[in-house]
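1. Kindly return the folded structure for what I paste below:
(2 chains)
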Amino acid sequence: MTPASTAAIEVTGVDRIFRRRRDEVVALRDVSVSVAAGEFVSLIGPSGCGKSTLLRLVADLDTPTAGSISVFGKTPRQARRDQDYGIAFQQAGLLPWRTVASNIELPLKLHGVGSAERRARSDELLELVGLEDFGKHHPDQLSGGMQQRVAIARALAESPRLLLMDEPFGALDEITRERMQNELVRICRDTGAAVLFVTHSIPEAVFLSDRVVVMSPRPGRIVDIVTAGGAGLGSSHERTDEVRDAAEFFHTVAAVREHLHGSPVAGVRGVESR
Amino acid sequence: MRRSLRAVLLGVLGVALVAALWDLYKAFGPEDGVLVGERTLVLPRATDLAMPHTWEMVQRLFEPATGLPGAPTALGAVVDAAGFTLGIAARGWLVGVTVGLLLALLMTRFKTAESGLLPWVVLSQTVPLIAIAPLVRRWGAQVEIGSFSWENEHSVALIAAYLAFFPVSIGALRGLKSPARTHLELMHAYGVGWWRTLLTLRLPASVPFLLPALRLAAASAVIGSVVAEVSIGLRGGIGRMVVEYAQSAGGDPAKAWAPIFGAVAVGLVAAGAVGLLTLALKPFRLTETS
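-> Predicted structure coming up:
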């Protein structure tokens, strides 16, 4: 296998069971999914369906009870040590005592990158996320959306080939959210990184993804995988605001919703998009 | 600049207000105080013996401390004693802060250390100072390492440290454990070990919790020094001086107040010194934003 053909993420038959004293909670049951290099895959489902758990397993913040996970052909632990992925959470999680620029530089600094190179990289990333003028500000001077953009810039600091994002726009208002989605599309196109994206918003998942993995709770498992490409949508790198009005977009949203509800929802072809 | 001037003026005004209240009560208050029933005194006697005029207290500071020829002014004696006590309190504070921080680190690192140590840390502060002071002196008297021999002032500093370590260990423990899960997981994702996480994340995050603890520790160290000086019987400090001067209060009521002002001054200087430290750590005082 050449590195180019290696999948970014390969999850095979993964179970994750939490044991608390006598209780057993099956968070994930027999989950298999793969993300190709450069592909954008969303995990969607109601709370408790294990979508965040799956992302945490890939990030090596947790270990599976059974099954195997490989990230670029390595174990998740090795991938984490090699800094093969960048990660962003629902909370921006910026360190309040560091400036925006030094927050972005944090992973580089921790891995021994020289200060001149760090400076250059953070300037580049600030431009990428449209915050050129805010490098010297502190996080508390920024709005929620801006903080989240800083967090994404930080996740991209080491030019990872894989981005793991756990509801990064979950705490933002609808308008900011759509703008951030447009920017994420552009960032993915510019960097060519594969993305595993957890969300509970159907239109967000459809707009951003090549494929949407629909999950259901108790026990957490994959119901179906919906391909969100095709004539009207194109690949995940080609999405613009016009896609939000395309018929194909609504069809895909409806398809995902049907899978989420477990039965066909009659006549939904409308504009209701959440 | 204008704000600091305002703060100074308000401070002076506050002191003046207390002095004015004191003398107003003395001028108009009943000689024998106000009694409820036969024996319960709810307002103090306003005699010269119980409440000397404020200006007499100030005036007394500039008169000789004792009747002996060549005796220094009361102010000089108080300043000397205050400096002595401040030195002991500072040593106690340093030792207390060091021990407190180390304990907090240990409790953060090992969950078992926290559940094992924390009750003892809390329990340690329920032991009355008067009870441990003679013990510390007796144990100390047996310490002799090379040319170093344990003096009574070491015992006093140790007791100051015993009081000072408590707020630091509790405050630092809370502060070191304050980083959000997101932050800790981020460090884990970066593949950073415990010590690097401590330096990059936990220590800076603990500063807002640590500063009030350091201030409390300074106050505790001063009180500990003054009280321990009395119970151990160490000469030269403010604590002993309060007791000595109080004995002459019968004939010279204003004199007893001189060391009390000295003790207040020691407390203020200690708090001020920690305040300077606060300025140095200002960048880390920013609160959590997300």
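2. I'd like the next helix or strand past the longest helix along chain B.
-> Secondary structure of chain B read by DSSP state H shows that its longest helix is helix B:74-109. Sequence-wise, the next helix or strand downstream of helix B:74-109 (DSSP states H and E) is helix B:111-124.
3. how far off helix B:111-124 does the helix or strand just after that following helix point, in degrees?
-> Sequence-wise, the next helix or strand downstream of helix B:111-124 (DSSP H and E) is helix B:129-141. Interaxial angle, helix B:129-141 versus helix B:111-124 (axes from the mean of the first three to the mean of the last three C-alpha atoms, to 10 degrees): 110 degrees.
4. How about helix B:129-141, which residues are buried there?
-> Across helix B:129-141, burial judged by 16 or more other C-beta atoms under 10 Å in any protein chain shown covers B:129, B:132-133, B:136-137, B:140. All C-beta atoms are positioned from the backbone trio N, CA, C, and that covers glycine.
5. Rounded mean pLDDT for the helix or strand that comes right after it, please.
-> For helix B:129-141, the following helix or strand on the C-terminal side (DSSP H and E) is strand B:144-145. Regarding strand B:144-145, the rounded mean pLDDT is 76.
6. Please compute how far the helix or strand following strand B:144-145 lies from its chain's middle.
-> Of the helices and strands lying after strand B:144-145 in sequence (DSSP H and E), the nearest is strand B:148-149. With C-alpha atoms, centre = their mean, to the nearest Å as the basis, strand B:148-149 stands 27 Å off its chain's centre.
7. Can you name the next helix or strand after strand B:148-149?
-> Using DSSP H and E, the helix or strand that follows strand B:148-149 towards the C-terminus is helix B:152-176.
8. How about the residues of the stretch 101-250 of chain B by chain A?
-> Contact residues (C-beta under 8 Å from any C-beta of the partner chain) of the stretch 101-250 of chain B with chain A: B:180, B:182-183, B:185-186, B:188-192, B:196, B:200-201, B:204, B:207.
9. One more pass at 10 Å, please.
-> Listed as neighbours of chain A in the stretch 101-250 of chain B under the rule C-beta under 10 Å from any C-beta of the partner chain: B:179-192, B:196-197, B:200-201, B:204-205, B:207-208.
10. Tally up the residues packed near the residue in the stretch 51-200 of chain B that chain A sits nearest to, please.
-> Across the stretch 51-200 of chain B, the shortest distance to chain A (C-beta to the nearest C-beta) belongs to residue B:182, at 3.8 Å. Look at residue B:182: counted by other C-beta atoms under 10 Å in any protein chain shown, it has 19 neighbours.
11. Sticking with it, tell me its helix or strand.
-> Applying DSSP H and E, one finds residue B:182 within helix B:181-189.
12. which regions of chain A lie under the pLDDT threshold?
-> A:1-5, A:230-232, A:262-274 (pLDDT under 70).
13. Mark out where each domain of it begins and ends.
-> A:3-84+A:161-261, A:94-159 (automatic domain parsing).
14. related to what we said a few turns ago, so for the helix holding residue B:182, what's the average pLDDT?
-> If you average the pLDDT over helix B:181-189, you get 89.
15. List the contacts of the residue in the stretch 1-150 of chain A positioned nearest to chain B.
-> Going by C-beta to the nearest C-beta, chain B is nearest to residue A:93 of the stretch 1-150 of chain A, at 3.8 Å. Residue A:93 makes contacts with A:87, A:103, A:139, A:147-148, A:150-151, A:154, B:179-186, B:289-290, as judged by C-beta atoms under 10 Å, 6 or more residues apart in numbering or on different chains.
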